[in-house]
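Sequence plus the predicted model coming up.
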Amino acid sequence: MLEPLDRYRRDSTLFQFTAKRLRDFIDPARLLTQIDEKVDFAKLVEPLGMNYSTDNGRPTIHPEVLVRALLISAPYNIISFRRLCLAISENITFRWFCFLTIDDEVFDHSTITYFIERIGREGFKALFASFNQELLRLRLLSPKMYADSTLVKANVRDNGLSPSEWTVEEFQEKAVKENGLFVVKEAKRDEGGLIQEETKYYQDARGWIPLNPADLDARWAVELNETQAYAEQIRKRKTVIEGVSACQDRLGWSRCKLRGVWKVDCEGFLASLAHNILKLVRKLKARLGIPLCYGGQGMETEGVPTY
């Protein structure tokens, strides 16, 4: 089990003959102080304990510190790990949030890279799931889910693709449905007189939309549903999904920092976690009627390095 961070060391006095703490130099309304107050990070990183050994190897930087650092990069749109480490070094709010005192040396950017490789995609997924369970407990998260998709042109040609020559009834007699597609196998003679079996794939049950056999996932965009239920889903997409996607773009999800699908997934989980944390803080403060220094164009920027 991971040992909790030493909160007393972070919040103790700066020097022997002063009562001032690092926390005293930070505005209580700052976003990071509100996140620190509302989010139980020790509980959040509990699922990562399995990736660490307490009795082998060199002492490691606590995963809570690195999770906090990565979360800083989201709302403040810090585009690289090198710049993130520099920003933490120069900003007292960032230092305090990451449990670093004035005298502490900031970890190297490669430490963040090793951390991502250590906990992997499943580690970031566990972080996101752990926080969502807490939101469910607080009744701040709906179990209802929405999905969205984007059309991307496939790397195949549509030359030679034509509808079947049969009537709909004839096609349905010959076609066999496999994995959501309609498959027709025909025996034809080649130029040498040999019988060859030709397989054709169709997207619809009428034989009107053929598919290129080189990539059966390359589907055609078909006529949109005109039902009331579809219109309602489109409305929710515009108001719910598009809004969330726009927020995640502002949290660094518009361009990937890492390479490789599983690492991009890690960034997606991080952006989603940051999005939900910000919504939690905003909702909790709204209940108390306290304005929050974050929100779209009004996001707090004072003291944040600009690159």
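Cool, got the structure. Numbering: from 1, shown residues only.

In the stretch 201-307 of the chain, what residue spans correspond to helices?
228-236, 242-248, 261-288 (DSSP state H, counting those that start in this stretch).

Quick one: neighbours of residue 282, just the number.
When counting by other CB atoms under 10 Å, one arrives at 15 neighbours for residue 282. Just so you know, the C-beta spots here come from the backbone N, C-alpha and C atoms, and that holds for glycine as well.

Please tell me how far it sits from residue 207.
53 Å (CB to CB, to the nearest Å).

same check, this time on residue 102
From residue 102 to residue 207 the distance is 73 Å (CB to CB).

In terms of neighbours, single out the busier of these two.
residue 207 (22 against 10).

Tell me who's in contact with that one.
When contacts are counted by CB atoms under 8 Å, 6 or more residues apart in numbering, residue 207 touches 163, 164, 166, 168, 171, 175, 182, 184.

Would you mind telling me which of the helices of the stretch 201-307 of the chain is nearest residue 36?
Among the helices of the stretch 201-307 of the chain, the nearest to residue 36 by CB to CB is helix 261-288 (10.0 Å).

I'd like the distance from that closest one to the chain centre, please.
9 Å (CA atoms, centre = their mean, to the nearest Å).

Could you give me the buried positions within it?
Using 16 or more other CB atoms under 10 Å as the test for burial, helix 261-288 gives 263, 265-278, 280-281, 284-285.

For the residue positioned nearest the centre of the chain, which non-adjacent residue is spatially closest?
Residue closest to the average C-alpha location in the chain (CA atoms, centre = their mean): residue 268, at 1.9 Å. Spatial nearest neighbour of residue 268, excluding adjacent residues (CB to CB, 6 or more residues apart in numbering): residue 253 at 6.6 Å.

Quick one: neighbours of the one you found, just the number.
By the criterion of other CB under 10 Å, residue 253 has 20 neighbours.

Same check on residue 53?
9.

What is the three-state secondary structure of it?
On the three-state scheme (DSSP: H, G, I helix; E, B strand; the rest coil), residue 53 is labelled coil.

That one: what's it in contact with?
By CB under 8 Å, 6+ apart, no residues touch residue 53.

swap in residue 214?
Contacts for residue 214 (CB under 8 Å, 6+ apart) come out as residue 156.

What of residue 68?
41, 97, 98, 99.

Can you point out the buried residues in the helix or strand hosting residue 9?
Per DSSP states H and E, residue 9 falls inside helix 7-11. For helix 7-11, the neighbour count (16+ other CB under 10 Å) marks residue 10 as buried.

which element follows that helix toward the C-terminus?
Downstream of helix 7-11 (by DSSP H and E), the next one is helix 31-38.

sorry, back to before: could the helices of the stretch 201-307 of the chain be laid out in JSON lines, adding mean pLDDT?
Listed next are the helices of the stretch 201-307 of the chain as JSON lines, based on pLDDT from 0 to 100:
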{"stretch": "helix 228-236", "mean pLDDT": "77"}
{"stretch": "helix 242-248", "mean pLDDT": "78"}
{"stretch": "helix 261-288", "mean pLDDT": "85"}
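
okay if I get those helices as JSON lines plus distance to residue 135?
Output for the helices of the stretch 201-307 of the chain, formatted as JSON lines (distance: least, CB to CB, whole Å):
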{"stretch": "helix 228-236", "distance to residue 135": "20"}
{"stretch": "helix 242-248", "distance to residue 135": "14"}
{"stretch": "helix 261-288", "distance to residue 135": "6"}
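
of the ones you listed, which approaches residue 111 most closely?
Using CB to CB, the nearest of the helices of the stretch 201-307 of the chain to residue 111 is helix 261-288, at 15.4 Å.

now the strands for this protein?
176-178, 181-189, 195-202, 210-211 (DSSP state E).

Can you give the strand pairings for the third one, parallel or anti for each?
To tie it back to what came earlier, the one meant is strand 195-202. Using DSSP bridges, strand 195-202 pairs in its sheet with strand 181-189 (antiparallel), strand 210-211 (antiparallel).

With the first one instead?
Neighbouring strands of strand 176-178 in its sheet, by DSSP bridges, are strand 181-189 (antiparallel).

would you put the C-alpha positions of the partner strand in CSV?
Output in CSV follows, covering the C-alpha atoms of strand 181-189 (Å, rounded to 0.1, in the frame of the first residue of the first chain):
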residue,chain,number,x,y,z
LEU,A,181,-22.5,-7.6,-43.5
PHE,A,182,-24.3,-9.4,-46.3
VAL,A,183,-22.1,-11.9,-48.1
VAL,A,184,-22.8,-13.4,-51.6
LYS,A,185,-20.5,-16.2,-53.0
GLU,A,186,-20.6,-16.9,-56.7
ALA,A,187,-18.8,-19.5,-58.8
LYS,A,188,-17.3,-18.1,-62.0
ARG,A,189,-15.0,-19.4,-64.7
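
Residues contacting that strand, please?
For strand 181-189, the surrounding residues in contact (CB under 8 Å, 6+ apart) are 164, 171, 174-177, 195-205, 207, 211, 216.
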